[in-house]
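# Sequence unavailable; structure follows:
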């Protein structure tokens, strides 16, 4: 039995039927995240080359032990999933670094990500939460994780977790795919004027 046969890969189709999340029992890119949108960009990275060799793959996003795949193919995910699993195992078996240094160098720094996130929060998020007297501030960006805090009407608001999951995360992930996690650092117990206190 080869070493790669021990690697478990679980496919999880997303709400968008053209996207599927593959979670591995083996880390593939613990150093950060990378998004690849073409075969040319994939050149030199065994994992990305193997995935873009499959017909119908339009985009690959890799972080830690997760590979997100977007397709333009009409093939269903069970069919594509077998090819994707084989491609991932083949790349790992090559023994080469899965992502090239050239791709690594093109990745934005934490400071660059923070600046982009701060601009996004001011242009897209704060105008919306401000309607409820709330405000969001970027606390830090470390790796692929963003740390934020709520204030005003959002601090202590019973609906703040919904705002985070169904509003802020969707905006951040769609504009900044390099960020894979948004963490709420707010001390909600200290909120003095929450918009919604719940029952």
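Received it, and whenever you're ready, just let me know what you need. Everything numeric here is computed off the predicted structure, so don't read it as measured data. Numbering: from 1, shown residues only.
# Only C-alpha atoms from now on, for both contacts and neighbour counts.
Noted.
# Next, give phi and psi for the residue nearest to residue 23 when sequence neighbours are not counted.
Excluding the flanking residues, the one nearest residue 23 by C-alpha to C-alpha, 6 or more residues apart in numbering is residue 66, at 4.6 Å. In this entry, residue 66 is assigned phi and psi values of phi -120, psi 140 (degrees, to the nearest 10).
# Beyond the least confident helix or strand in the chain by mean pLDDT, next helix or strand please.
The weakest-scoring helix or strand in the chain, judged by mean pLDDT, DSSP states H and E, is helix 101-106 (a mean of 77). Using DSSP states H and E, the next helix or strand after helix 101-106 towards the C-terminus is helix 110-120.
# Buried residues, that following helix. List them.
Going by neighbour count (16 or more other C-alpha atoms under 10 Å), the buried part of helix 110-120 is 110, 113, 114, 117, 118, 120.
# same for it, what does it pack against?
strand 134-142 (3 or more C-alpha pairs under 8 Å, 6 or more residues apart in numbering; DSSP states H and E).
# buried residues in stretch 126-146?
Within stretch 126-146, the residues that count as buried by 16+ other C-alpha under 10 Å are 126, 128-129, 133-138, 140-141, 143-146.
# Over to that stretch now: how far is its first residue from its last?
Start and end residues of stretch 126-146 are separated by 16 Å (C-alpha to C-alpha, to the nearest Å).
# Can you list the low-confidence ranges for this structure?
Applying pLDDT under 70 to the chain flags residues 1-4, 198-199.
# can you pull the contacts of residue 110?
Contacts for residue 110 (C-alpha atoms under 8 Å, 6 or more residues apart in numbering) come out as 141, 142, 143.
# picking that back up, what's the spacing between the residue nearest to residue 23 and residue 88?
11 Å.
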